[in-house]
Structure formats: C-alpha cells, structure tokens
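Enquirer: any chance you can model this:
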Amino acid sequence: MLSAYGFPFLLAMFVSYVLTPYIKKLAFKIGAIDKPDNRKVHKRIMPRLGGLAIYIAFMAGAIASLEMTWDVIGILLGGTVIVAVGILDDKYQLPAKVKLLGQIIAACVLVFFDIRIEWINNPFGGYYYLDLLSIPLTIFWVISFTNVVNLIDGLDGLAAGVSAIASVTVILVSVQMGYYHVAVMTAALAG
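Expert: The predicted structure is shown next:
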C-alpha cells in the first residue's frame with residue numbers, strides 16, 4: 001500500500017529536484033524574474049517559474065501511477081490551465097482580470113469533467129446536497145484556493161511548505177476514506 005503512494009511521491013520529488021536548476025536558468029533567460037522593491041522581502045533578483053518544476057514533477061508522478069480516467073484527465077487539464085496562466089503571469093505580470101479569467105476557465109474545465117463539490121458535510125450530522133449550486137461553489141472554491149496559495153507565495157518556500165503539509169493531510173484522509181486516485185495525485189503533488 002505504501003509503495004502505491006510512495007512511488008508517485010518519490011518520482012515527483014526526483015523530477016522536481018532534477019528540473020529545478022534548469023527551470024531557474026530558464027527563468028533568468030526569459031526574464032521571468034522578481035526584482036526587489038520596497039514591497040518585497042527579498043533583497044536580490046529571484047527567479048519565478050517555480051510552479052513549472054512542481055507541475056512537471058506532479059504530472060510525471062500522476063501519469064506514471066494512475067489510469068487516465070475521465071476525472072483524472074479533467075484534473076490534469078484544469079491544473080494545466082492554472083499552470084499556463086501562472087507561467088504567463090510570471091513572465092508578463094498579467095492584469096488581475098486576465099488571471100481571474102484563467103482561473104474561471106480552469107474551474108469550468110473541472111465542472112465540464114464532472115468534478116464538483118456536490119455536497120457539504122453538516123457538522124451536526126448528515127450532508128447538504130448542493131445540486132446546481134455545486135457549479136458556482138466549485139468555481140468559487142478553485143478561484144479562492146488558487147489565490148490563497150498565490151498570496152502566500154511571496155516568501156521563499158512558504159507556499160510549497162504549506163502545500164506539502166496540506167497534501168500530507170489530504171493523503172491520510174484519502175487513504176482512510178478509500179479515495180485511491182486522490183491519494184496518489186496528492187502524493188505526486190507533495191513530492
């Protein structure tokens with residue numbers, strides 16, 4: 001059982017470790033850099049595109065470990081849209097409206113592939129089925145989560161560290177609940 005989750009984790013970690021120096025060089029080469037100013041914590045030029053190394057590593061771990069079902073393809077495509085918008089933003093500092101449009105498109109990809117938040121757990125027992133409200137709630141959640149991670153990405157390693165801790169939690173809950181695909185994908189993301 002551990003090897004089912006350990007393999008995508010270790011593969012993604014290896015791919016990320018190997019690719020990061022190359023993507024760092026690419027960031028400097030194409031000008032995807034963050035220059036220090038009075039609003040920044042760092043004192044020297046920092047390369048952007050860190051999400052690209054994480055994305056490629058995640059894709060390697062997920063594709064090598066999972067059958068390409070409809071929902072897996074939907075998650076990978078939705079993630080690809082988010083990463084594409086992130087790369088363009090790293091290079092060109094996109095306006096907020098353009099980034100929001102990209103996030104909405106990514107969320108709509110998930111909805112198209114029938115990946116939605118369909119119910120909410122009631123802390124006093126039972127569940128609330130959302131029916132058609134699942135579509136706007138899913139879109140809102142994807143946009144919110146994407147922006148939360150983006151907001152904490154200002155300090156070196158903070159977003160990656162918080163995301164890794166969250167990923168381990170999701171892995172443990174997914175294994176306990178029997179959601180194999182979620183656990184494997186999240187293991188690849190944690191790597």
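Enquirer: please count neighbours and contacts with C-alpha atoms only from this point.
Expert: Will do.
Enquirer: Met185 touches Ile63, doesn't it?
Expert: No. Checked against CA atoms under 8 Å, the pair Met185 and Ile63 is beyond contact range at 9.0 Å.
Enquirer: and those two? Which one has more around it.
Expert: The residue with the greater number of neighbours, taking Met185 and Ile63 and applying other CA atoms under 10 Å, is Met185; the counts read 26 against 16.
Enquirer: for that one, give me its contacts.
Expert: The neighbourhood of Met185, defined by CA atoms under 8 Å, 6 or more residues apart in numbering, consists of 8, 58, 61-62.
Enquirer: one more time with 10 Å, if that's ok
Expert: Neighbour list for Met185: 5, 8-9, 58-59, 61-63, 65-66, 72, 75-76, 167, 171, 191 [criterion: CA atoms under 10 Å, 6 or more residues apart in numbering].
Enquirer: also Gly86?
Expert: 48-52, 80, 92-94, 99, 102-103, 150.
Enquirer: one more pass at 6 Å, please.
Expert: In this structure, Gly86 makes contact with no residue, judged by CA atoms under 6 Å, 6 or more residues apart in numbering.
Enquirer: that one - that's part of a strand, no?
Expert: No. Under DSSP: H, G, I helix; E, B strand; the rest coil, Gly86 falls outside any strand and is assigned helix.
Enquirer: if I look at it, how far off is Ala96?
Expert: In this structure, Gly86 and Ala96 are 12 Å apart, going by CA to CA, to the nearest Å.
Enquirer: again, but for Met59
Expert: The span separating Met59 from Ala96 equals 27 Å under the rule CA to CA.
Enquirer: could you pull out the helices for this protein?
Expert: Counting by DSSP state H, one finds helices in the chain at the ranges 2-30, 50-65, 70-92, 96-112, 134-151, 158-177, 180-190.
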